[in-house]
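# build me a model from this:
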Amino acid sequence: PPCSWLILFIRWNILLKNSGTCIPLKDSLKINLAGYALSITPGKVGELFKAHFIKTKFGVPQKNTMPIVAVEQFYTLLGLTCVGLIGISQFQFGLYVMGITASVLVLAFLILSSKLAFHKFSKILSKIPFLSKYTESLLDSHFIIKKSLGKRIFIYCTSLSILFWIIEGVVVYFVLLSFDIDSLELFHVVSIYGTSIILGVISFIPLGMGVVEGSFTGFLVLEKINVSLALTIVITIRLFTRWYGVAVGLISLKLIGGFSLKNNNSKL
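Next up, the predicted model:
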């Protein structure tokens with residue numbers, strides 16, 4: 001939903017300014033929205049191209065912006081976990097998924113905060129063909145990553161991420177109500193939805209296609225919702241919460257010149 005996109009845009013700009021990168025809001029918005037189209041890549045690694053767009057148009061080195069894209073994913077998953085845990089007492093399977101995710105996030109925070117641990121982790125990433133060309137830039141940008149996890153910025157970005165997922169949860173809840181499903185409480189719905197999203201992330205399939213839909217449908221069936229109705233609800237939810245955003249992202253990608261965008265400052 002556009003209102004939730006505004007939350008992510010605010011977070012994106014906070015992280016950019018915190019790193020010392022200042023670009024016009026109009027261009028920043030286009031690049032941020034273009035990231036939604038790039039999110040269809042496995043693990044959303046395609047969003048790293050946002051750093052490329054900023055470099056080619058404004059001459060900002062990728063080592064200054066690439067870590068921001070990575071930190072964004074950390075905060076997004078952190079916000080989802082925090083919101084999902086609120087109603088987890090009513091959804092036992094989600095307790096295990098959220099518990100494991102929380103543990104992974106703590107480990108990720110420790111790795112990102114420690115220069116030594118981060119360098120060792122980057123060496124592991126360098127063995128992955130698609131990511132190998134980015135690891136050198138990441139190694140040079142640990143300072144920005146650590147700065148993006150500072151106390152004040154951590155509170156701001158985590159709060160915005162939580163707000164984003166609450167809004168998405170409300171959207172999902174109202175979609176259920178539109179189908180006359182009123183037997184589930186809001187945060188119970190958020191926990192079920194959040195667990196499905198996390199399972200999709202773990203699968204490393206673009207947007208968790210199939211995994212999110214299948215698991216979410218299964219969870220709704222366990223809540224005594226007819227399988228055909230549950231599938232219809234899930235498809236409707238995914239269209240509004242993800243694929244609509246991908247469509248807008250493709251338009252934004254076209255507006256900024258797409259992958260054919262030429263470097264305006266080749267020296268940088």
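# quick one: buried residues of stretch 38-46?
38-40, 43-46 (16 or more other Cβ atoms under 10 Å). For glycine as for every other residue, the C-beta is placed from the backbone atoms N, C-alpha and C.
# of those, which is the nearest to residue 235?
Nearest to residue 235 among these: residue 40, at 16.9 Å, using Cβ to Cβ.
# for the closest one, which non-adjacent residue is closest in space?
Nearest residue to residue 40, sequence neighbours excluded (Cβ to Cβ, 6 or more residues apart in numbering): residue 206, at 4.7 Å.
# ok, residue 183 next?
Nearest non-adjacent residue to residue 183 (Cβ to Cβ, 6+ apart): residue 223, at 7.1 Å.
# how long is stretch 204-214 from one end to the other?
15 Å (Cα to Cα, to the nearest Å).
# what mean pLDDT does it get?
For stretch 204-214, mean pLDDT rounds to 87.
# flag every buried residue along it.
206-208, 211-214.
# how near is residue 2 to residue 107?
34 Å (Cβ to Cβ, to the nearest Å).
# output the contacting helices and strands for the biggest helix by length in the chain.
What stands out as the longest helix in the chain, according to DSSP state H, is helix 151-178. For helix 151-178, the packing partners by 3 or more Cβ pairs under 8 Å, 6 or more residues apart in numbering; DSSP states H and E come out as helix 2-18, helix 62-86, helix 186-203, helix 227-238.
# the inter-axis angle of it versus helix 62-86?
50 degrees (axes from the mean of the first three to the mean of the last three Cα atoms, to 10 degrees).
# what mean pLDDT does helix 151-178 have?
For helix 151-178, mean pLDDT is 94.
# chain center to that helix: distance?
Centroid displacement of helix 151-178 relative to its chain, using Cα atoms, centre = their mean, to the nearest Å, is 12 Å.
# how big is the angle separating it from helix 227-238?
140 degrees.
# quick one: helix 151-178 to helix 2-18, angle?
Using the same axes, to 10 degrees: helix 151-178 against helix 2-18 is 170 degrees.
# can you flag which of the buried residues of stretch 204-214 belong to helices?
Among those, the ones falling in helices (DSSP H) are 211-214.
# closest to residue 81 among those residues?
Closest to residue 81, out of all of these and judged by Cβ to Cβ, is residue 212, at 16.0 Å.
# I'd like the next helix or strand past the lowest-mean-pLDDT helix or strand in the chain.
Least confident helix or strand of the chain, by mean pLDDT, DSSP states H and E, is helix 129-139 with a mean of 66. Per DSSP states H and E, the first helix or strand lying C-terminal to helix 129-139 is helix 142-148.
# what residues sit buried inside that following helix?
Neighbour counts over helix 142-148 (16+ other Cβ under 10 Å) mark 142, 144-148 as buried.
# widest-spaced pair of those residues?
142 and 148 (10.5 Å).
# any stretches of this protein with poor pLDDT?
Scanning the chain for pLDDT under 70 picks out the ranges 1, 43, 87, 89-90, 130-139, 259-268.
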